[in-house]
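Student: here is a sequence together with a model predicted from it:
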Amino acid sequence: MQSRPPGALTIRSSRQTYGLVVTVVVAILVTGLLIPFVFGDPASTIIASGGPGLPGTPAGSSGGEIPSATTAPGGATPATSPQGGPATTGTAAASPTNTPPGGPGPANGGPLTASDVGVTESTITVGVVLLDLDAVAPLGLGLDNFSVETQRDVFQAYIDDINARGGINGRQVVAAYVRNDPLDAGAARARCVELAQDHEVFAVLGFITDEVSCLVQEQRRPSLGYTNYPRAAYEQSGQFLVTGQPSSERVAANWAGALEDLGALQGHTIGIVAHDDPEDGSAADSLQSTLEQLGHEVTYRSRLSMNADTAVSQIPIEVQRMRQAGVDLVLLPTNFYTARTWVENAASQGWTPEYSVSEIGQLTSDALVENMPEAFDGSIAIVNATGGLGQRSVRAGEPERPENRTCRELYNSASDGHDFEYGEENPIGSACPIVQIFERAAVAAGPNLTRDGFVAAIQSLGAFALPTFPGGHFAPGKTDYNDTIQPIRWTASCRCYDVAGPLMPGRY
C-alpha cells in the first residue's frame, strides 16, 4: 500500500457509529447527494473546496467493477432528442466545441496523440463512481431509482450523447465504472488505486467519498463531484477537486447573508451549535465571522466533541448554558444526528428558540428532518441546489428549468426502462451537471488534453447555465460552482420544507 505524501489531507473515517452512517445513506437516497458528515479520529480531516475572500477564512478491497464496467464508444445506442435529432445536455451547443485552437488536432490539421494518462489518439477514459446501496437495502433504505444499474444508465446516457455529437475534440469518451459501498469506508483507497492504476483514468466523476484525497493528491486525477467540502481541500488539491455545490465556508457565509437579507436576524440573540472538528469548525467559523461582519454578535457558541457519544452527553448542559445566555435563535451548522438531538433536548427542557439550518449536514433534506420535534416548526433553511427540482418545487408551482428538463428528457429517451417525471427523485440532478462540467472543461482545454490543462480550463469557464444549480461560475482559485440560494421553511403539519422565497444571489 502506498503512503500518503507529507501534509496530505485524508477523509475522516474509522470511529463512526452505525446509526450515523445510516443517516448519511438516508440523505444520499432521498436527495441524490453525497454528504461527507461522519465523526472520526482527531488526527484526520475531511476534504473541502472553495474560493478566496470568504469571511473568517484565510486568503488565497474496492467495491469492484460492475458488469460491463468499461464502456467503449459504440457500446450503446446514441441517445436522441424528442425532436428526433441527437440529444444534447446543452453543453456542446453552448460552448466553442470540438475544434478549439491550440495543440495538435483537427483544428489545425495535425493528428490527435496520446497527450496524458487516460488520453489516447481516439479516446478519453474517465472513472465513474456509483453508490452501491445493496448493503442497506435490508434496512429499508433502498430506492429503485438509485440502483447501481440506474445510476450507470444515467451517466452512460450523457456520455453516449457526447460521443454521438462527435466526442470531445474528436475523441470518444470511455467510462470505467466502480461501486462505492457507503458502509465500507475501508475500501476507499483500493477504489482509488483501481481507478487510477488499473483503469488509468484521466479524471473521476460521480459519488466520490473517502477516496477523494487519494485521487487528487496522490494520483493527481481531477475529481468532479456534486456536494460541498471545506475550502482547504481544494487549495491542497491544486484545484483538482471540483464540485457543483459551494464550499462549506461559502455555504455558511451565504447562509448568514441570506438571513440578513430576509430580516431574520434583527432583534435576535444568536447561538451556534457545531462540533469542534475541521469540517463543522471551519463552517461555523465562517458563519460566525460573517454574522459579526454584518453586525450581529454570536452570544454563545457550543463546541461539541467530535466523538458522537461524548457529544450526546454534552448536549443537555450545553442547552442549559445557551438558554441561560438568552439565546432565542439557534443556528445548526452540524449533522442531522446532533441537530435532532439538540432540538429534542431543548424541547424537553421547555426551551423553544427559533432554529435555522443550511446545506451543512444536508439539513435541507426532508428525509433528515421529518422526525424533528414540533419545536422545529417554522425553521428557515437556506438551500443551494434549487430551481425546479423535487416535490418542493412542484408544490410551489415552480416550472421545471429548461436545463433540468433537457437532462431528464435525454435520459428518458435513451432508457428503455422507467421514465422519470418532473419532481421525482433520481440520480439525474447529480449526474447531469457533473458530466456537463467535465465536457465543457475538456473541450476548452483543447485537443492536446492534459490534466493540468483541464484544471486550468475549469477555472477559465466563468459563468454558464447548469442543470440543478440555478446560477454559478468558475474562476481562478474557485472550483465550486453554485452562487445562488433559496430560503425554504419547515412545516410540522407536513413534516417537510416548502419554498419560502425566491431564488437569491449569494453574497459570497
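Tutor: Okay, I see it. Residues are numbered from 1 along each chain as shown.

Student: SS state for the closest residue to Val119 other than its chain neighbours?
Tutor: Nearest residue to Val119, sequence neighbours excluded (CB to CB, 6 or more residues apart in numbering): Leu449, at 5.1 Å. Bear in mind the C-beta positions are built from the backbone N, C-alpha and C, glycine included. At Leu449 the chain is in coil, as set by DSSP: H, G, I helix; E, B strand; the rest coil.

Student: how many residues are close by the spatially closest residue to Ala256 that is not a sequence neighbour?
Tutor: Excluding its sequence neighbours, the residue lying closest to Ala256 (CB to CB, 6+ apart) is Thr290, at 4.0 Å. Neighbour count for Thr290, taken as other CB atoms under 10 Å: 25.

Student: wait, what's in contact with Val312?
Tutor: By CB atoms under 8 Å, 6 or more residues apart in numbering, Val312 lies in contact with Thr341.

Student: pLDDT at it, what is it?
Tutor: For Val312, the pLDDT comes out at 95.

Student: got it, and the one 3 residues further on?
Tutor: In this prediction, Ile315 carries a pLDDT score of 98.

Student: also Pro82?
Tutor: 29.

Student: tell me the spatial nearest neighbour of Phe420, not counting adjacent residues.
Tutor: In space, Phe420 is closest to Asn426, 4.9 Å off (CB to CB, 6+ apart).

Student: and the one you found, how far is that from Gln219?
Tutor: 30 Å (CB to CB, to the nearest Å).

Student: Ala347 now?
Tutor: 48 Å.

Student: out of these two, which sits in the busier spot?
Tutor: Taking neighbours as other CB under 10 Å, Ala347 and Gln219 compare with Gln219 leading, 20 against 16.

Student: quick check: the residue nearest to Gly271 when sequence neighbours are not counted vs Ala346, distance?
Tutor: Computed as CB to CB, 6+ apart, the closest residue to Gly271 that is not its neighbour in sequence is Val327, at 3.7 Å. Computed as CB to CB, the Val327 to Ala346 distance reads 10 Å.

Student: for the two, list the residues in contact with both.
Tutor: Shared contacts of Val327 and Ala346, counting by CB under 8 Å, 6+ apart, come down to Pro353.

Student: the helix or strand where Val129 lies packs against which elements?
Tutor: If you go by DSSP states H and E, Val129 is part of strand 123-131. Judged by 3 or more CB pairs under 8 Å, 6 or more residues apart in numbering; DSSP states H and E, strand 123-131 is in contact with helix 148-164, strand 172-180, strand 203-206.

Student: wait, Asn482 touches Pro246, no?
Tutor: Yes: counting by CB atoms under 8 Å, Asn482 touches Pro246, with 5.2 Å between them.

Student: that older thread, can I get the helices and strands packed on strand 123-131 in CSV with distance to Ser286?
Tutor: Output for the helices and strands packed on strand 123-131, formatted as CSV (distance: least, CB to CB, whole Å):
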stretch, distance to Ser286
helix 148-164, 32
strand 172-180, 29
strand 203-206, 27
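
Student: closest to Thr113 out of these?
Tutor: Across the helices and strands packed on strand 123-131, Thr113 has its closest neighbour in strand 172-180 (15.3 Å, CB to CB).

Student: which parts of this structure belong to which domain?
Tutor: Listed domain ranges for the chain are 65-246+423-474, 249-383+485-505 (source: automatic domain parsing).

Student: which residue lies nearest the spatial centre of this protein?
Tutor: Thr227 (1.0 Å; CA atoms, centre = their mean).

Student: for the stretch 201-350 of the chain, just list every one of the helices.
Tutor: With DSSP state H, counting those that start in this stretch as the criterion, the stretch 201-350 of the chain has helices at 212-213, 232-236, 248-261, 278-293, 308-324, 336-348.

Student: now the angle from the fourth one to helix 248-261?
Tutor: Note on geometry: by axes from the mean of the first three to the mean of the last three CA atoms, to 10 degrees, helix 278-293 and helix 248-261 are set 30 degrees apart in direction.

Student: can you show me the CA trace of stretch 281-289 as PDB?
Tutor: Provided in PDB are the C-alpha atoms of stretch 281-289 (Å, rounded to 0.1, in the frame of the first residue of the first chain):
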ATOM      1  CA  GLY A 281     -15.400  24.000  12.800                       C
ATOM      2  CA  SER A 282     -14.400  25.700   9.500                       C
ATOM      3  CA  ALA A 283     -18.000  26.200   8.500                       C
ATOM      4  CA  ALA A 284     -19.000  27.500  12.000                       C
ATOM      5  CA  ASP A 285     -16.000  29.900  11.900                       C
ATOM      6  CA  SER A 286     -17.200  31.300   8.600                       C
ATOM      7  CA  LEU A 287     -20.700  31.600   9.800                       C
ATOM      8  CA  GLN A 288     -19.700  33.400  13.000                       C
ATOM      9  CA  SER A 289     -17.300  35.700  11.200                       C
END
